[in-house]
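1. Return a 3D structure for these sequence lines:
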Amino acid sequence: MAQRMSAAERRADLVDAAARAIVAHGLDGFRVRDVADEAGVSQPLVSTHFRSREEIVLEAFVRSDEQAMAVIDERMAAGGDARERLRTLLLLLLDDAGDPVIALSWRLWQEVRTHTRPSEAVRAAVAERERVWVARIAALLEEGMEDGSVRTDVDPQRTAMFLNAFIDGLCPAIRWRTVDLDTAASLLDEALDERLG
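-> The predicted structure is shown next:
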């Protein structure tokens with residue numbers, strides 16, 4: 001007999017289902033019913049856990065992004081100096097490497113970022129998650145300055161902002177196939193060489 005989910009486990013399951021529903025139906029097109037269908041539960045059950053569609057969107061976006069960051073951190077833990085780990089992170093921001101957690105997160109980012117009428121709460125969530133990624137990149141740059149893989153005169157915060165924006169600019173080009181992944185990777189390497197020494 002299957003064990004009953006706790007309220008926290010059920011809510012997390014619904015949030016994960018919401019992320020899949022948003023990606024499948026679009027941010028404007030998904031309904032609470034789609035979340036229920038994706039989770040295999042009733043619509044009233046979803047409504048007991050969430051007060052609004054926006055609450056569902058916010059939790060799905062943040063949870064999905066946190067899960068992707070955890071997967072990327074695992075991949076980076078494979079080794080190398082800070083610069084090599086930074087390159088791994090940035091490449092995974094360009095291409096999900098077949099990982100479904102990263103793929104779902106990047107598709108959800110696309111839905112949220114390209115939405116024409118985001119609420120202030122959604123804008124704030126996107127800005128906060130951007131700050132988290134920039135801080136993660138800056139921390140790797142600081143580690144690189146300590147282990148010698150990054151020049152010591154690099155401004156970690158400004159360089160992290162540049163690299164994050166650089167990747168954000170390449171992502172649509174890769175998605176629309178105007179730049180292939182090999183070319184994007186070589187452009188990234190050039191940017192790293194120029195910025196980090």
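2. surely Asp13 meets Met5?
-> Yes - Asp13 is within contact range of Met5, at 6.5 Å (criterion: C-beta atoms under 8 Å). Heads up, the C-betas are built off the backbone N, CA and C, glycines and all.
3. Looking at these two, which one has more neighbours?
-> Higher neighbour count among Asp13 and Met5: Asp13, with 16 against 12, using other C-beta atoms under 10 Å.
4. And that one, how far from Arg53?
-> With distances taken as C-beta to C-beta, to the nearest Å, Asp13 is found 18 Å from Arg53.
5. Dead centre of this protein: give me the residue that sits there.
-> Asp65 (4.0 Å; C-alpha atoms, centre = their mean).
6. Now do the contacts for that one.
-> Shown in contact with Asp65 (C-beta atoms under 8 Å, 6 or more residues apart in numbering): 105, 108-109, 129, 132.
7. Please identify the helix or strand for it.
-> helix 53-76 (DSSP states H and E).
8. which residue sits closest to Arg87 in space, ignoring its chain neighbours?
-> Leu192 (6.5 Å; C-beta to C-beta, 6 or more residues apart in numbering).
9. Surely the one you found is in contact with Arg83?
-> Yes - counting by C-beta under 8 Å, Leu192 touches Arg83, with 7.2 Å between them.
10. Show me what counts as buried in stretch 58-73.
-> 58-65, 67-69, 71-72 (16 or more other C-beta atoms under 10 Å).
11. What of stretch 12-22?
-> So stretch 12-22, judged by 16+ other C-beta under 10 Å, has buried residues 13-22.
12. Can you show me the CA trace of that stretch as PDB?
-> Coordinates of each C-alpha in stretch 12-22 appear next as PDB, following Å, rounded to 0.1, in the frame of the first residue of the first chain:
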ATOM      1  CA  ALA A  12       6.100  20.000  -3.500                       C
ATOM      2  CA  ASP A  13       4.600  17.400  -5.900                       C
ATOM      3  CA  LEU A  14       2.000  19.900  -7.000                       C
ATOM      4  CA  VAL A  15       4.700  22.600  -7.600                       C
ATOM      5  CA  ASP A  16       6.700  20.100  -9.700                       C
ATOM      6  CA  ALA A  17       3.500  19.300 -11.700                       C
ATOM      7  CA  ALA A  18       2.900  23.000 -12.100                       C
ATOM      8  CA  ALA A  19       6.300  23.500 -13.700                       C
ATOM      9  CA  ARG A  20       5.600  20.800 -16.200                       C
ATOM     10  CA  ALA A  21       2.100  22.100 -16.900                       C
ATOM     11  CA  ILE A  22       3.400  25.700 -17.500                       C
END
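13. model confidence over that stretch, on average?
-> Stretch 12-22 shows a mean pLDDT of 97.
14. Can you pull out the residues in contact with it?
-> Here stretch 12-22 makes contact (C-beta under 8 Å, 6+ apart) with 5, 30, 34-35, 37-39, 41, 45-46, 49-50, 56-57, 59-61, 63-64, 104-105, 108, 111.
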